[in-house]
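K.L.:
Predicted model, plus sequence, below.
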Amino acid sequence: LVHTGPNPALSSVIRKKLMGFVGFSNLPNQVHRKSVRKGFQFTAMVVGESGLGKSTLINTLFNTTLYSPKEHIPPDAERSSTVAIESIGADIEENGVRLHLTVVDTPGFGDFVNNDESWKPIVENIESRFDSYLEQENRVNRAKVVDNRVHACLYFIQPTGHSLKQIDIEFMRRLHTKVNLIPIIAKSDTMTDEEIVEFKERILNDIAHHNIHIFQAPTYENEDEETIAEAAEIASKIPFAVVGSNQLVDTPDGRQVRGRAYPWGVVEVDNEDHCDFVKLRQMLVRTYMEELREYTNDVLYENWRTEKLISMGVAQDSSVFKEINPAARMQEERTLHEAKLAKMEAEMKMVFQQKVQEKEAKLKQSEEELYARHKEMKDALEKQRADLEAKKSRIEQGRPLTPEKASVRVLFR
Ligand code: GTP
C-alpha cells in the first residue's frame, strides 16, 4: 500500500497481505493480449562489403525469402559512386504474433577505391530516422507514431583472420552511440575453429582498444540463474561467427538441415557446434528483440534527443513550456545572461583582489628589506662610533700633555 501525501518524497510503502484474489496479477496477460493485437515493429540494418552474405543471413534469420537471389553485376557495369540506403519491409506472422520487419541494406559500403567516408550516409540515415521520430513526438496529435528507428545494426566483418580493418573501426566508432551494434564474422565456414577463436580475440581487442560499445545481452537484479547463464553464453560468442543458408541439404546421417554442402561434409546453420547462428538469432529475435528496441528508445534515442534539443537552444527542464512560450524563453535567456555577467564580475573581482594582495605582499617585503638594511647600516655606524669613542679615550689617557694643558694644571694647583 502506498501513501502519497502532498510531498511524494515522504511517501511510504507498507506491505499488506491480500485477503483474496483481486485480479491485477492478470496485468501481464492484458499487456500480452494488447501487444499481440497491435503487433510489433522491428528495424534491422545490415552493413558490410558486397558479397559477405548479408541478404542470405537475413533470409536465414527470418526463415523467409525477404531478398530474392541477386543478379550478378559485371565488374565493368556502372555502379553508384556512394553508399545507397535501401529498405525492404515485410509483415511476418508466427503463432498469431505479427511482426512488421524492416531491413535496411547499405549497398556500396566498402566497395569503392576510397572508403574513408562510407560511414557518413549511414549515420545520416540513422539520424534522419531519429529526426522523424522526434518530429512525430512533437506533433499536437501523437496518436499514430511510426517507429522507423534502427533497432539493431548487424555489422559484417570479412573472414580475413587478421585484425579489424580501418573501415570497420571507423564505422563502429562513428555509429556505436547511435545504434545497437552487433558484430558478425561473415561466412565463418571459410575458417577453421582455431582461426575463428583467434580472430574473435583480435576483434574484441580492437573493439576494446577503441572504446567501442557493442550491444550486450542485459541482466537485471534478482534474475534467475538460467537467464544469467543464457546471457553470459550469448555474450561469450560475440562477435558471432555465422553461416547463412536457407537451402535444405542432406546430412550423411540422413537428416535434412539448413546448411551448406561441401565435398568434405555439411555445415549446419542451426547446429551450435558448427557456427554461432543460433546464438545470434537468440540475441536478435528470440530473447532480446524487445531489449534492443528498449535500449534504442531509452538510451540511444534519448541521448541523441537531449543533445539535439540542447543544440537547438531548448533548456533541458520544462522544455516543452519554454519551446512554445517565447516570453519564458527570453526570460530564461536573460536570467542566464545575468548569471553569466555576475559570474564574470565575481571572477574579475577575485582576480583584482588577488593582484592587490600580491602587490601588498611585495611592498611589505621590500619595506622589511629596507628596514633590515637601514638597521644594518645603523648598527655598523654605531659600532664605528663606539670604536672611535674608545680610541679617543684611549688616546686621551695615554697621550703626554701639551705645554698649554700643563700650564693650566700648574695654575689650578
Ligand atoms: P550484396 O547484396 O552484393 O551486398 O551481397 P550480400 O552481402 O547480400 O551477399 P549474398 O547474401 O548475396 O551472398 C553472396 C554469396 O555468398 C552467395 O553466393 C551466397 O550463397 C554466398 N554466401 C552467403 N552466405 C554464406 C556463408 O555463410 N558461407 C559461404 N561460404 N557462402 C555464403
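P.N.:
Thanks, I have it.

K.L.:
Is residue 44 located within a strand, as I assumed?
P.N.:
Yes: assigned with DSSP: H, G, I helix; E, B strand; the rest coil, residue 44 falls within a strand.

K.L.:
Please name the bridge partners of it.
P.N.:
Per DSSP bridges, residues listed as beta-bridge partners of residue 44: residue 103, residue 152.

K.L.:
What count of nearby residues applies to the closest residue to residue 199 other than its chain neighbours?
P.N.:
Leaving aside its sequence neighbours, residue 199 sits nearest to residue 161 (CB to CB, 6 or more residues apart in numbering; 5.2 Å). Heads up, the C-betas are built off the backbone N, CA and C, glycines and all. Counted with other CB atoms under 10 Å, the neighbours of residue 161 add up to 14.

K.L.:
my read is residue 161 is in a strand, agree?
P.N.:
No: with three-state DSSP as the criterion, residue 161 is coil rather than part of a strand.

K.L.:
which residues touch residue 155?
P.N.:
Residue 155 sits next to 47-48, 168, 171-172, 181-184 when contact means CB atoms under 8 Å, 6 or more residues apart in numbering.

K.L.:
my read: the residue nearest to residue 199 touches residue 194, true?
P.N.:
No: using CB atoms under 8 Å, residue 161 is not in contact with residue 194, being 10.0 Å away.

K.L.:
Quick check: residues of the stretch 51-200 of the chain near the ligand?
P.N.:
51-56, 70, 107, 187, 189-190 (CB under 6 Å from any ligand atom).

K.L.:
For the stretch 301-413 of the chain, which segments count as helices?
P.N.:
When secondary structure is read from DSSP state H, counting those that start in this stretch, the stretch 301-413 of the chain shows helices at 302-311, 319-324, 326-398, 403-412.

K.L.:
again with the stretch 1-150 of the chain
P.N.:
Going by DSSP H, counting those that start in this stretch, the stretch 1-150 of the chain shows helices at 27-38, 54-61, 119-137.

K.L.:
quick one: contacts of the second one?
P.N.:
In this case it means helix 54-61. Helix 54-61 is touched from outside by 44, 46-48, 65-67, 70, 103, 105, 154, 156, 184, 186, 242, 244-246, 258, 269, 277, 280-281, 284-285, with contacts defined as CB under 8 Å, 6+ apart.

K.L.:
what's the residue closest to the geometric middle of the chain?
P.N.:
residue 177 (5.1 Å; CA atoms, centre = their mean).

K.L.:
for that one, what are its contacts?
P.N.:
By CB under 8 Å, 6+ apart, residue 177 lies in contact with 213, 300, 303-304.

K.L.:
Tell me where the model's unsure across the stretch 301-413 of the chain.
P.N.:
The model of the stretch 301-413 of the chain has pLDDT under 70 over residues 314-326, 399-413.
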